[in-house]
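Visitor: Sequence first, predicted model second:
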Amino acid sequence: MDSVATLLKRTRAIQKGNTIMSMPLSYITTTTNLNDLFKSIRRHERMNANLRVELEFAGEQKKLFAQTSDISLGGMACYISKEMAAQEQLVVVMPLPYSRDTLRLSATVRSRNSFRYGMEFTDISAEDQAKLQKCMNTLQCMQ
């Protein structure tokens, strides 16, 4: 059986709402929920998380607060009331719930859908990644 990545390379995807239909040139192979499809491709598992974070932008004194919608060891998605460009770099200041720790993580904007921005954490240390994993484990137990 072919892997999802192989199927995606050989197929042409047509997105309709929250469903993707993978269509090879000759026939339809599968219809899959997008979340399930991308879950198998992602490097890190995402989890829903409603956290308040502070964003710091290079060259700006003003800080901005944002609300996360999901988070993983590799990045997060959050709602921001400011226009940002793809590849824009910033620092995410994240007070960890149920902990006294606060993380300062460098991030790069990778995607945007209206006011929801996807960010990838860059240069995250092993120590910060362990703290973030512990936070995610705690949040998962609380859901």
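Guide: On my side now, so go ahead. All of these numbers come straight from a predicted model, not from anything done at the bench.
Visitor: rest of the way, CA atoms for contacts and neighbours
Guide: OK.
Visitor: Pop the domain breakdown of this protein in here.
Guide: What automatic domain parsing lists as the domains of the chain is 4-41, 47-142.
Visitor: ok, and which of these has the densest surroundings?
Guide: domain 47-142 (a mean of 16; mean count of other Cα atoms under 10 Å).
Visitor: Straight-line length of that one, end to end?
Guide: Using Cα to Cα, to the nearest Å, the end-to-end distance of domain 47-142 comes to 12 Å.
Visitor: give me the low-pLDDT residue ranges for this structure?
Guide: 1-43 (pLDDT under 70).
Visitor: All the strands of it, residue numbers only.
Guide: Assigned by DSSP state E, the chain shows strands spanning 12-16, 19-23, 30-33, 47-48, 52-57, 63-71, 75-79, 89-95, 102-113, 116-122.
Visitor: relative to strand 63-71, how tilted is the top helix by length along the chain?
Guide: Looking across the chain with DSSP state H, the single longest helix is helix 126-142. Helix 126-142 runs at 60 degrees relative to strand 63-71, counting by axes from the mean of the first three to the mean of the last three Cα atoms, to 10 degrees.
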